[in-house]
Structures are given as structure tokens and as C-alpha cells.
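Trainee: sequence isn't available, so here's the structure alone:
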DNA sequence: TAGATTGTTAATCGATTAACAATC
DNA sequence: TAGATTGTTAATCGATTAACAATC
């Protein structure tokens, strides 16, 4: 049984810690203090220590943290010591771009299938994985354990398809469609809303442009 | 001069409000109360009212909010009534996928250039925009106002390229490389870290799988 | 007018930061 | 041992929620 619930804010920060530790490891840094890491990452040392202590004491007083050990431990917390199977639903530009990302495999995410409704794409192979027709999906999921489905299909089709694949037993959806999927609470949904990301840029740009104008520039 | 600083949390929520209001508008809904919107969006009505009142009173007591008006106003706050020019640096799979997104144009983001170092890509045209060599970038930026650069290049090259393009005067970077860009504070950086997004899935999946095992399943 | 719902103030909750005793 | 730095408690800060008077 897990103790106190870990806050979402902490979980969101873990991958970034992991990334920085990975870089330190590549540069053969053996140990690091929360203070030094905090300076590199632009966060407070206090926050780093608090965050890590949600999962146990990984450091040592007077010494700091062993980089390799901490890296491994955070990897375990993030579940990166496991293997996950991934399918991509929607073999358009974005789906194909994801399919070509070999980096995911380094983290334990293995591409097992690509599906689309467009018959012209059938049989095209991306990194050794053939695009299949959506009709085959149900059978495929029965025969193969699928952990994660990336949803790179049009907004209009996303909610219905999401429902269908969760009915098939898929428990995690990486959703790239600009819509909220309302699914049972035991289904993990991670959204990547690119348009919203762009809007955050334009929000800030707007003021920048306005102040530039009033500067007489 | 802007009044109290708007918190990042609020800004992050604005695009989602905008999306829901857009859908309501499409469905010819004329007015909506914070209560009803809160139920659809799974947030509190109080939060909606607080968020909106950061920017002024858009509603009317006893009535609620006029959907079209609120949609337009949030659009203005997000700077979506302006036009922004966008270039893509890195014409790999992801860069090309972004280039093919016509949806961005609907929001005022216009693709003006695509750049890469690979000579084999030179001259290939995506939606009427030819891929150019990186050598041309500086001259291009001098001749054309560039608001936003999407950075879809390898991690190793990202920090250096980011520095170069901000030196050229580009003020906003949409960063897809899995690395933090340390740039002057007047440069807007919006990160899209896909690997980190996947890790948040595996964090939760890990526990799901573990509990499934202990269930004897 | 009566009812509904906002705008806004006050209360609560949670997350971040500061401080420091414990200890390597 | 003395110095450094963690783990952890306490203080602060900010964000969310609740409540309600204002008002359409």
C-alpha cells in the first residue's frame, strides 16, 4: 500500500530530474549536492530534497547524492526499468513522426503496431512495423498485450476511438487530439495539446509586441 | 501597465476554456453559467469565475456568460486575433509533421520557412514552403519578421542553435528538443518534451501493473 | 419582483521555502 | 573532529474553494 499520495506537481518534475542526472552521468559526475543541482536546474535545493524524500532518502549527509544511484532510483520510480508495448493509432504525419522516434525504445517503450483507416497506407512499413487497418485492431489487442496507445487521429474521431480501445482493455492513452477524452478513472490519459502550447506562446508574445509598439519600435 | 501579475496556472488553463467555448459555439449554445461550464470541464465554478476575473468581468449577474463574447475575449487575451509568422528549424519527421498542420493557420500562426542542414532536403516543398539550408536563415530573418521558431532538431544542436537564432532577434522558441535552453529572460521558450510526457504515463502504469500482479492476474 | 448568477472577499488547503537538528 | 549536507519540521506563500452581497 502506498503511503501519502504523491502530488502531481512532484511527478511532473521527476522526468526533468532524471534528464539532468542522465547528463551528469554522461559527464562522469559522481556526486552532486541538492545545492549544486538546484543551481543548474533553476529550482530551490529545498524543493529537490522535499521531492526526493517523497520516495525515500537517497542522499547522505555531508556528501550529497550519488549521481548514478539517484539516476537509477528515479528511473525505477518512473517505471523506466520496465518494458512497455506501444501502438500508434493514426498514421498521418504526426503518427509517422512518432513511429520514427527510436529514442522511446531507449526508455523501454516498444512500438508494436501502427493502425489507420486509410487503405492506401496499408502495409507501409515504418522501422519494421507495418501499418495495419483499424479493422485488425481488436484482434491484435487480443493477441498482444498493449500497454499504451498513442492517439494521433482527428479530433472528431478521438473520443469514440478512445472509448473503443479502452473497451478492448488498453489502459493508457497518449492523446494528441485536441479534445478531452472522458474515460473511466482507471484509464491513464496523458494529453499533448500542441495548439494549446502554441497559444501560451502567443499569449506572451502579444504583450511583447504591444510594448514594442509603444516603445516606438 | 498590467496590474497584478497573472499566475502561470491561470494562463495554462485559458486555452482549455477557449477550446470548450469554441465547441459550445459550434453547437450554437448562446449562454453558459460558470456552474454548467464547470460541470462539463470538471473544474469548480469558483475557479472559472476567479480565472476570468483576472482579465475583467465578462459575465452578467443572473445570466451567466455570453458564449460568443467570452470566446472572442479569451481569444484576444491569448493573442489569437494577431498574426504570427512561424519557421521550423529541423525538417525531420517531427518538423515535417508540424509543417503539415494546417490547423495552426486557423489560429493565426503562419508557416513562413523551413530550415535544415541536410542538403538532400533542399527545395522540397511542404504546403508550398520550400525547405532551405540553414545557411540562409540569418538572411531570411533579416528580410522577414519571424515571431516564432519551432526547434525540431537533435538535442545536441539545440542549445547552440537556440542561442544563434535569439541573437538574430527571434523572441519565441517552441522547443521540441529534450533539453533546457538557457536564454535571456526576454526570450519566450515553450517546451514540448514528449519523452517526459511518456514517462508520466509509465510512472502511473508501473503501479497499475504491480497491483494487477498482486491481484493474481 | 423573485430568481439566478456573477464578482469578489474570506477561509481553506496545498505546495514551496526556510530553518535546523541529525549525521555522515 | 570539523565541515558539509541531508532529512524533516515549521513558516510562508500562493492557489483553490467557499460564501455571499451585489445586481442583472
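Mentor: Great, that's in hand. Quick caveat: nothing in here was measured; it's all calculated off a predicted structure. Numbering: from 1, shown residues only, chains lettered A, B, ... in the order given.

Trainee: report the buried residues of the lengthiest helix in chain A.
Mentor: Longest helix of chain A, by residue count under DSSP state H: helix A:194-214. Residues of helix A:194-214 classed as buried: A:194-206, A:208-209 (neighbour count, 16 or more other Cβ atoms under 10 Å in any protein chain shown). C-beta coordinates here come from the backbone N, C-alpha and C atoms, glycine included.

Trainee: again, but for stretch A:164-183
Mentor: By neighbour count on 16+ other Cβ under 10 Å, the buried set for stretch A:164-183 is A:165-166, A:170-181, A:183.

Trainee: nearest to DNA strand C among those residues?
Mentor: residue A:180 (20.5 Å; Cβ to the nearest atom of the strand).

Trainee: which SS class is that closest one?
Mentor: Residue A:180 falls in the coil class when you classify it by DSSP: H, G, I helix; E, B strand; the rest coil.

Trainee: for it, list the residues it contacts.
Mentor: Counting by Cβ atoms under 8 Å, 6 or more residues apart in numbering or on different chains, residue A:180 touches A:191, B:41.

Trainee: then residue A:97?
Mentor: Contacts of residue A:97 by Cβ under 8 Å, 6+ apart are B:92-94, B:96-97.

Trainee: and stretch A:173-191, what's its mean pLDDT?
Mentor: Averaging pLDDT along stretch A:173-191 yields 96.

Trainee: how far does that stretch sit from its chain's centre?
Mentor: 13 Å (Cα atoms, centre = their mean, to the nearest Å).

Trainee: and that stretch, end to end?
Mentor: 8 Å (Cα to Cα, to the nearest Å).

Trainee: point out where chain A drops to low pLDDT.
Mentor: Along chain A, segments meeting pLDDT under 70 span A:1-4, A:213, A:215-217.

Trainee: rerun that using 50 as the cut-off
Mentor: Applying pLDDT under 50 to chain A picks out residues A:1-2, A:217.

Trainee: so residue A:95 makes contact with residue A:118?
Mentor: No - between residue A:95 and residue A:118 there is no contact, the gap being 10.8 Å when judged by Cβ atoms under 8 Å.

Trainee: more neighbours: which of these two?
Mentor: For the pair residue A:95 and residue A:118, the greater number of neighbours falls to residue A:95 (24 against 13), based on other Cβ atoms under 10 Å in any protein chain shown.

Trainee: name the nearest residue to the more buried one, sequence neighbours excluded.
Mentor: residue A:152 (3.9 Å; Cβ to Cβ, 6 or more residues apart in numbering or on different chains).

Trainee: hang on, the earlier thing: farthest-separated two in the buried residues of stretch A:164-183?
Mentor: A:171 and A:178 (22.5 Å; Cβ to Cβ).

Trainee: how close does the residue nearest to residue A:95 sit to residue A:89?
Mentor: As for residue A:152, its distance to residue A:89 is 7 Å (criterion: Cβ to Cβ, to the nearest Å).

Trainee: one more: residue A:157?
Mentor: 9 Å.

Trainee: the two: who's more crowded?
Mentor: residue A:89 (27 against 16).

Trainee: state the distance from the closest residue to that one other than its chain neighbours to residue A:139.
Mentor: Leaving aside its sequence neighbours, residue A:89 sits nearest to residue A:115 (Cβ to Cβ, 6+ apart; 5.0 Å). Separation of residue A:115 from residue A:139 (Cβ to Cβ): 11 Å.

Trainee: what's the answer for residue A:16, then?
Mentor: Taking Cβ to Cβ, one finds residue A:16 at 39 Å from residue A:139.

Trainee: please apply the same query to residue A:163.
Mentor: For residue A:163, the distance to residue A:139 - Cβ to Cβ - is 18 Å.

Trainee: compare those two (neighbour count), which wins?
Mentor: Taking other Cβ under 10 Å, residue A:163 and residue A:139 do not tie; residue A:163 has more neighbours (15 against 11).

Trainee: quick check: phi and psi on the more buried one?
Mentor: Per-residue torsions, residue A:163: phi -60, psi -50 (degrees, to the nearest 10).

Trainee: once you drop chain neighbours, what's closest to it?
Mentor: Counting by Cβ to Cβ, 6+ apart, the residue nearest residue A:163 is residue A:183, at 7.1 Å.

Trainee: how about the one you found, what does it touch?
Mentor: A:162-163, A:166, A:173, A:189.

Trainee: same question for residue A:74.
Mentor: A:14, A:17-18, A:21.

Trainee: what about the closest residue to it other than its chain neighbours, distance to residue B:199?
Mentor: Spatial nearest neighbour of residue A:74, chain neighbours left out: residue A:18 (4.8 Å); criterion: Cβ to Cβ, 6+ apart. From residue A:18 over to residue B:199 the distance is 7 Å, taken as Cβ to Cβ.
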